[in-house]
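Visitor: my questions concern the predicted model and sequence given below.
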Amino acid sequence: MPYSKIIKKVKSMNSVLKNTINYRNEWNKKLKKMIIDNLEKIVEESGLDAEVIVHDQFEGLEAISLSTGAKESGIFEKVGEGVKKPLVRMGGMLMFQQLFNGKVSIWVNYPYIEGIGDPKAPKMLEIVRPHELKEVNILRYTEQFVDSITEWEDYDDDLPPAAGIGFNHQAASIK
């Protein structure tokens, strides 16, 4: 039959489209609340200085973030004799965002200080189907978020290069 291939492809496409509707329904029925409740509990139990924020300006493309907020950075720009302007430190953010297809992307947005270089690119942790996102995963993502923020805050050059380049790396591989 000449149409068997296209019939199979259309069935597959219709299944994916149905999944999108189901994923969005699951977000609205229970997932959104579960994410919020878990993040709020983590903040309460751990003492993490952060706020849970719901970004719902686009229905079907909502997001929930755990944000460490904006604060004075402790760095000041001298704008005149005896006048200093504080630079703002935008805190990090753990984001759970609905994608166009109803799946959920989880990523970390790093802190940055306004006017000091470019912000570091966000770090994608994972994309999951709504039914795959469990309470234990939210805790794990939050731990990864805290690790990423800690690493950013404690930046220095004491760590070995991730790519294994340089004199010491070459010497070790020759032996």
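Guide: Arrived safely.
Visitor: and the longest strand along the chain, how far out from the chain's middle?
Guide: In the chain, assigned by DSSP state E, the strand with the most residues is strand 70-80. From the chain centre to the centre of strand 70-80 is a distance of 27 Å (Cα atoms, centre = their mean, to the nearest Å).
Visitor: in its sheet, what does that strand sit against?
Guide: Each strand that strand 70-80 pairs with, and the sense of that pairing, follows from DSSP bridges: strand 83-90 (antiparallel).
Visitor: could I get the buried residue list for stretch 24-37?
Guide: By neighbour count on 16 or more other Cβ atoms under 10 Å, the buried set for stretch 24-37 is Arg24, Glu26, Trp27, Leu31, Lys32, Met34, Ile35, Ile36. Backbone N, C-alpha and C define where each C-beta goes, glycine included.
Visitor: got the phi/psi numbers for the residue nearest the centre of the chain?
Guide: The C-alpha lying nearest the average C-alpha coordinate of the chain belongs to Trp107 (Cα atoms, centre = their mean; 2.0 Å). Listed backbone geometry of Trp107 is phi -150, psi 160, with angles given as degrees, to the nearest 10.
Visitor: right, and it touches Pro122 too?
Guide: Yes. In this structure, Trp107 is within contact of Pro122 by Cβ atoms under 8 Å, at 5.0 Å.
Visitor: so for the longest helix along the chain, mean pLDDT?
Guide: When the chain is parsed with DSSP state H, its longest helix is helix 4-26. Taken as a whole, helix 4-26 has a mean pLDDT of 95.
Visitor: in it, what counts as buried?
Guide: Using 16+ other Cβ under 10 Å as the burial criterion, the residues of helix 4-26 that qualify are Tyr23, Arg24, Glu26.
Visitor: name the residues that touch the longest strand of the chain?
Guide: Under the contact criterion Cβ atoms under 8 Å, 6 or more residues apart in numbering, strand 70-80 has outside partners Lys84, Lys85, Pro86, Leu87, Val88, Arg89, Met90, Gly91, Ile113, Glu114, Gly115, Ile116.
Visitor: bridging residues for the second one?
Guide: Read that as Lys85. Legend: beta-bridge partners of Lys85 under DSSP bridges are Glu77.
Visitor: now the strands for the protein?
Guide: Under the criterion DSSP E, the chain contains strands at 51-55, 63-67, 70-80, 83-90, 93-98, 104-109, 112-113, 123-128.
Visitor: what does the fourth one rub up against?
Guide: Read that as strand 83-90. With Cβ under 8 Å, 6+ apart as the contact definition, strand 83-90 has outside contacts at 70-79, 111-116, 119.
Visitor: any of those residues buried? List them.
Guide: By the neighbour-count criterion of 16+ other Cβ under 10 Å, the contacts of strand 83-90 include these buried positions: Ser73, Pro111, Tyr112.
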